[in-house]
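A.B. asks: What follows is a predicted structure for the sequence shown.
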Amino acid sequence: MSALIPRPTPTPVPRASTSKGAVGSGLRRASAAWNDNRYDAVQQRLKDLAATMDAISDSLLYSAKRMKQNGEEAASTAAAIARADLDGAFVELTEETSSALATAHKATRKAVRSSQSLAEKAHRAQTLHQRMYQPLDRVRSGRRHRTPKPGFFNR
């Protein structure tokens, strides 16, 4: 057997909070949080999305690495079985396992690239949102009096 690779410490994934109240109240609370379009709330959601996708990428990279190692080990085991003159069915099954792990490794690497791309896009969106709306948020937050909600003058 190959040496075990230490698993990376997973980053906590943000989850919608739930309460012990009526059924569905957790959903209402989560949807209320997603309906909060204040500058800080949007910034936090974008940061959480980017962090989650980074954590998913790390986890997928670990899985891909293990699949590749296990596939190589299965191929080595198939060769050893063949050299030992065991039944060909066992060699064939072990080679199929190796092939399946190689295919899964390729698919996982593709998922890693997709999750990394989404993480980069979330980081860029957060930066762009900050650049566009932070000055406005500073103005609105610095006022003594409340300002109308967006769309107020469109009535």
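C.D. replies: That came through fine.

A.B. asks: What mean pLDDT does stretch 71-84 get?
C.D. replies: For stretch 71-84, mean pLDDT is 95.

A.B. asks: Could I get the buried residue list for that stretch?
C.D. replies: Residues of stretch 71-84 classed as buried: 71, 73-75, 77-78, 81 (neighbour count, 16 or more other CB atoms under 10 Å). All C-beta spots, glycine's among them, are computed from the backbone N, C-alpha and C.

A.B. asks: what's the farthest-apart pair in those residues?
C.D. replies: Spatial extent of the buried residues of stretch 71-84 (CB to CB) is set by the pair 71 and 81 at 15.4 Å.

A.B. asks: name the helices or strands packed onto the helix ranked longest in the chain?
C.D. replies: In the chain, taking DSSP state H as the definition, the longest helix is helix 88-142. Helices and strands touching helix 88-142, by 3 or more CB pairs under 8 Å, 6 or more residues apart in numbering; DSSP states H and E, are helix 39-83.

A.B. asks: Helix, strand, or coil at the residue lying farthest from the centre of the chain?
C.D. replies: Using CA atoms, centre = their mean, the residue of the chain lying farthest from its centre is residue 85. It sits 45.3 Å away. Judged by DSSP: H, G, I helix; E, B strand; the rest coil, the three-state class of residue 85 is coil.

A.B. asks: So it versus residue 133, what's the distance?
C.D. replies: 71 Å (CB to CB, to the nearest Å).
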